[in-house]
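A.B. asks: after the sequence you'll find the predicted model.
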Amino acid sequence: MDVDAGPLDVGVVPFDRGARVAVAALAGGKAADARIHAAADVAADERLRPGARIVWQDAKSAAPVLLDAGVPIDRVRDVRLVHRILVEARSLPLEERWARSLRTDAEALFSLAPEAEPLDALAEQLRLQDAAIGDDAGLAMLAGAESMGALVAVELGREGLPFDPARHDALLEDALGERPTATGRPRRMEALAAEVRSALGDASLNPDSPQEVLRALRRAGVDVASTARWELREQDHPAIEPLIAYKRMARLHTANGWAWAHRWARVDDRGRCRLAIEYVPGGVVTGRWATEGSGAMQIARQIRGAVAAEPGMRLVVADAAQLEPRALAALARDEALAEAGRGADLYQALVDRGVVDTRTHAKLGMLGALYGGTTGESAVVLPRLARAYPRAMAAVEGAARAGERRERVRTWLGRASPEPPRWRDDERGGRQARAWGRFTRNFVVQGTAAEWALAWMAGVRRAIRDVDGAALVCFLHDEVIVQAPAERAAEVAEAVQEAAALAGRTLFGAFPIEFPVQTAVVGDWGQAK
DNA sequence: AGAGCATGCGCC
DNA sequence: AAAAGGCGCATGCTCT
């Protein structure tokens, strides 16, 4: 092996449904020395050594083959995801070949012959992307972070989230009452349904039907226009309390109840019960991830205790405190806000510095700044924040005004907001313009926070690589969970915090912004915070 | 019967 | 009918 060779781009194309893999060096838009391997032998290709940049059409179809073969991967380019970013960033002419490659999905790749052609195509795409990125350090970093994120997503999906069905069952019975034997509602839900029916004098009422409930409420003299909780709360009628309680239970029952667990929990080949979670990197326009199917990014707090460490293991639950305000301070280069963030609680710092009078007001004001609040308490506190942190406020205000003018805005690393929809030049159009402005205002902050989270996760992945038995098992925007052997959990917790600091420096250089991470080493997720 | 929308609510 | 950004999902309900 020539250890003096420079960084090598290595293209990987699986075919025959992953039974075989084509590997080639990519340079100058060409694939060189293509070799075909049986999937199990691919690790023997010495070009796939640490330090090489592995290039694939998309992680979902290509990564499993390499992961199964035990190929260490530490740099990667996901051509599909980076393509999307670059097209949106308008750094690239929309050439026909790009449009074509967008349509090349995983299935199409599988059906391609193992000839050089797909590898050449990959090489050409890589060349075009690198040319488009040029010397834009932000886009280069974003391309790397997005690609590594896609790999982490595949790894998370393969790992699954440790899940204890017995605990889940107990938590549900506690919240909803005894589970029904056949069809029908859990006991406490059924009791509440009966209470609602009796209070509204409608023995056949289906409490799951908003229309029926609305009609019944109005018949009973309750003046509401919907059955939304916020509206019900303002009413005084004996049906209201059980109805709200019922709806809360119904939500848990349908979203994270027994059927949900049955659908998404699986027992892997080592006898461990895990929730199968398919993450979709870049699934949200801002760059946040989404999930496909399981709703795993919305798991109700009430049942998080069912996510439990396996024997001999602990969960390291880590969440980044006030990530978005910190992302805002950094992208706006607001030294004063960054200074307030020096410490674990940015909101409390605003109180201590006399900017606002209570922590709740600090939070409300910040939410208003990030989302564009114009009413209520948030609007009252906002001017105080604007006076104390003019740079941060100018950044979000600027993004909002740009959006209203139909301009596209960018995150810190350069992800562009989507093309705005059309709106008329009338009052309704004005409302739409302001709504779009609220979106672009939030886009720059949410998107930048998502970029930080990608960098954080890449760092966590690297940091736990040498901790035998440790694995990332969950990601939730500003929170990660690592399962680790009990005796090494404390060490992992520290590494996760260091990775956060490193992510901050990677994105924002010497700008003095801190990203404190709260960690808890616990037996189950319900014990964290 | 299935597609697609509306409602409502959980998460960040 | 929500005020204020981003989602996903279950259910009811209407339209085809």
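C.D. replies: The structure has been received and is ready for your questions.
A.B. asks: chain center to the helix or strand where A:Glu212 lies, what's the gap?
C.D. replies: Assigned by DSSP states H and E, A:Glu212 belongs to helix A:210-219. The chain centroid and the centroid of helix A:210-219 are separated by 38 Å under CA atoms, centre = their mean, to the nearest Å.
A.B. asks: got a list of contacts for it?
C.D. replies: Helix A:210-219 is contacted from outside by A:196, A:200-202, A:205-207, A:224, A:226-227, A:237, A:239, A:243, using CB atoms under 8 Å, 6 or more residues apart in numbering. Bear in mind the C-beta positions are built from the backbone N, C-alpha and C, glycine included.
A.B. asks: do that again at 6 Å, thanks
C.D. replies: Applying CB atoms under 6 Å, 6 or more residues apart in numbering, the external contacts of helix A:210-219 come out as A:Leu200, A:Asp202, A:Leu205, A:Asn206, A:Val224, A:Thr227.
A.B. asks: for those residues, pick the one with the most neighbours.
C.D. replies: A:Leu200 (24 neighbours; other CB atoms under 10 Å).
A.B. asks: looks like that residue contacts A:Ile240 (just checking).
C.D. replies: No: between A:Leu200 and A:Ile240 there is no contact under CB atoms under 6 Å: 10.2 Å.
A.B. asks: A:Glu292: how many residues sit nearby?
C.D. replies: Counted with other CB under 10 Å, residues neighbouring A:Glu292 total 12.
A.B. asks: check what pLDDT it gets.
C.D. replies: Listed pLDDT for A:Glu292 reads 89.
A.B. asks: contact partners for it?
C.D. replies: Counting by CB under 6 Å, 6+ apart, A:Glu292 touches A:Glu278, A:Val280.
A.B. asks: and the gap between it and A:Glu88?
C.D. replies: As defined by CB to CB, to the nearest Å, A:Glu292 lies at a distance of 21 Å from A:Glu88.
A.B. asks: which strands or helices does the one helix or strand A:Glu339 maps to pack on?
C.D. replies: Using DSSP H and E, A:Glu339 sits in helix A:335-340. With contacts taken as 3 or more CB pairs under 6 Å, 6 or more residues apart in numbering; DSSP states H and E, helix A:335-340 sits against helix A:346-352.
A.B. asks: quick one: A:His274 is in a helix?
C.D. replies: No His there; residue A:274 is Arg. No: judged by DSSP: H, G, I helix; E, B strand; the rest coil, A:Arg274 forms no part of a helix; its state is strand.
A.B. asks: so who does the closest residue to it other than its chain neighbours touch?
C.D. replies: Leaving aside its chain neighbours, A:Arg274 sits nearest to A:Gly160 (2.8 Å; criterion: CB to CB, 6 or more residues apart in numbering). A:Gly160 is in contact with A:Arg274, A:Leu275, A:Ala276, counting by CB under 6 Å, 6+ apart.
A.B. asks: please repeat the previous calculation with a cut-off of 7 Å.
C.D. replies: A:Asp268, A:Arg274, A:Leu275, A:Ala276, A:Ile277 (CB atoms under 7 Å, 6 or more residues apart in numbering).
A.B. asks: for the residue of the stretch 301-450 of chain A found nearest DNA strand C, phi and psi?
C.D. replies: Residue nearest to DNA strand C within the stretch 301-450 of chain A (CB to the nearest atom of the strand): A:Gly373, separated by 2.6 Å. The phi/psi pair for A:Gly373 (degrees, to the nearest 10) reads phi -60, psi 140.
A.B. asks: could you measure from the residue lying closest to it once chain neighbours are set aside over to A:Ile36?
C.D. replies: Take A:Gly373 and drop its neighbours on the chain: the residue closest to it by CB to CB, 6+ apart is A:Ala379, 6.0 Å away. Shown here: A:Ala379 relative to A:Ile36, a distance of 64 Å by CB to CB.
A.B. asks: looking at these two, which is more packed in?
C.D. replies: Counted by other CB under 10 Å, A:Ala379 and A:Ile36 do not tie: A:Ile36 has more neighbours, with 16 against 13.
A.B. asks: and the more buried one, which of the three is it?
C.D. replies: With three-state DSSP as the criterion, A:Ile36 reads strand.
A.B. asks: tell me which residues of stretch A:498-510 come out buried.
C.D. replies: Across stretch A:498-510, burial judged by 16 or more other CB atoms under 10 Å covers A:Ala499, A:Ala500, A:Leu502, A:Ala503, A:Gly504, A:Thr506, A:Leu507, A:Phe508.
A.B. asks: one more: stretch A:425-445?
C.D. replies: Buried-residue list, stretch A:425-445, by 16+ other CB under 10 Å: A:Gln432, A:Ala433, A:Trp436, A:Gly437, A:Arg438, A:Phe439, A:Thr440, A:Arg441, A:Asn442, A:Phe443, A:Val444, A:Val445.
A.B. asks: low-scoring stretches of chain A, by residue?
C.D. replies: Chain A contains residues with pLDDT under 70 at A:1-6, A:90-117.
A.B. asks: try it again at 80.
C.D. replies: For chain A, residues meeting the criterion pLDDT under 80 lie at A:1-7, A:90-117, A:181-183, A:529.
A.B. asks: chain neighbours aside, what residue packs nearest to the residue of it most remote from its centre?
C.D. replies: Distance from the C-alpha centroid of chain A, by CA atoms, centre = their mean, peaks at A:Gly201 (45.3 Å). Nearest residue to A:Gly201, sequence neighbours excluded (CB to CB, 6+ apart): A:Ala220, at 6.7 Å.
A.B. asks: hang on, isn't that neighbour packed against A:Leu200?
C.D. replies: Yes: using CB atoms under 7 Å, A:Ala220 is in contact with A:Leu200, at 5.0 Å.
A.B. asks: what touches both of those two?
C.D. replies: Overlap of the contact sets of A:Ala220 and A:Leu200 (by CB under 7 Å, 6+ apart) consists of A:Ala239.
A.B. asks: measure the residue farthest from the centre of chain A to DNA strand B for me?
C.D. replies: Relative to DNA strand B, A:Gly201 is positioned 20 Å away (CB to the nearest atom of the strand, to the nearest Å).
A.B. asks: in which helix or strand does the nearest residue to A:Ser204 once chain neighbours are set aside reside?
C.D. replies: In space, A:Ser204 comes closest to A:Arg197 once its chain neighbours are excluded; the distance is 7.6 Å by CB to CB, 6+ apart. Taking DSSP H and E as the criterion, A:Arg197 maps to helix A:187-200.
A.B. asks: is that helix positioned near DNA strand C?
C.D. replies: No: using CB under 7 Å from any atom of the strand, helix A:187-200 never reaches DNA strand C; the gap is at least 11.5 Å.
A.B. asks: next one: that helix to chain centre, how far?
C.D. replies: The answer for helix A:187-200 is 38 Å, by CA atoms, centre = their mean.
A.B. asks: hmm, who's touching that helix?
C.D. replies: Contact with helix A:187-200 is made by A:176-178, A:184-185, A:203, A:205, A:207, A:216-217, A:220, A:238-239, A:242-243, A:245-246, A:249-250, A:253, as judged by CB under 7 Å, 6+ apart.
A.B. asks: C-alpha coordinates for the helix or strand where A:Arg80 lies, PDB please?
C.D. replies: Assigned by DSSP H and E, A:Arg80 falls within helix A:79-89. This file holds the C-alpha atoms of helix A:79-89, laid out as PDB (Å, rounded to 0.1, in the frame of the first residue of the first chain):
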ATOM      1  CA  VAL A  79     -23.800  12.100  -4.200                       C
ATOM      2  CA  ARG A  80     -27.600  12.100  -4.100                       C
ATOM      3  CA  LEU A  81     -27.900  14.200  -1.000                       C
ATOM      4  CA  VAL A  82     -25.200  16.600  -2.000                       C
ATOM      5  CA  HIS A  83     -26.700  17.000  -5.400                       C
ATOM      6  CA  ARG A  84     -29.900  18.200  -3.800                       C
ATOM      7  CA  ILE A  85     -28.000  20.800  -1.700                       C
ATOM      8  CA  LEU A  86     -26.000  22.100  -4.600                       C
ATOM      9  CA  VAL A  87     -29.000  22.300  -6.900                       C
ATOM     10  CA  GLU A  88     -30.900  24.300  -4.300                       C
ATOM     11  CA  ALA A  89     -27.900  26.400  -3.600                       C
END
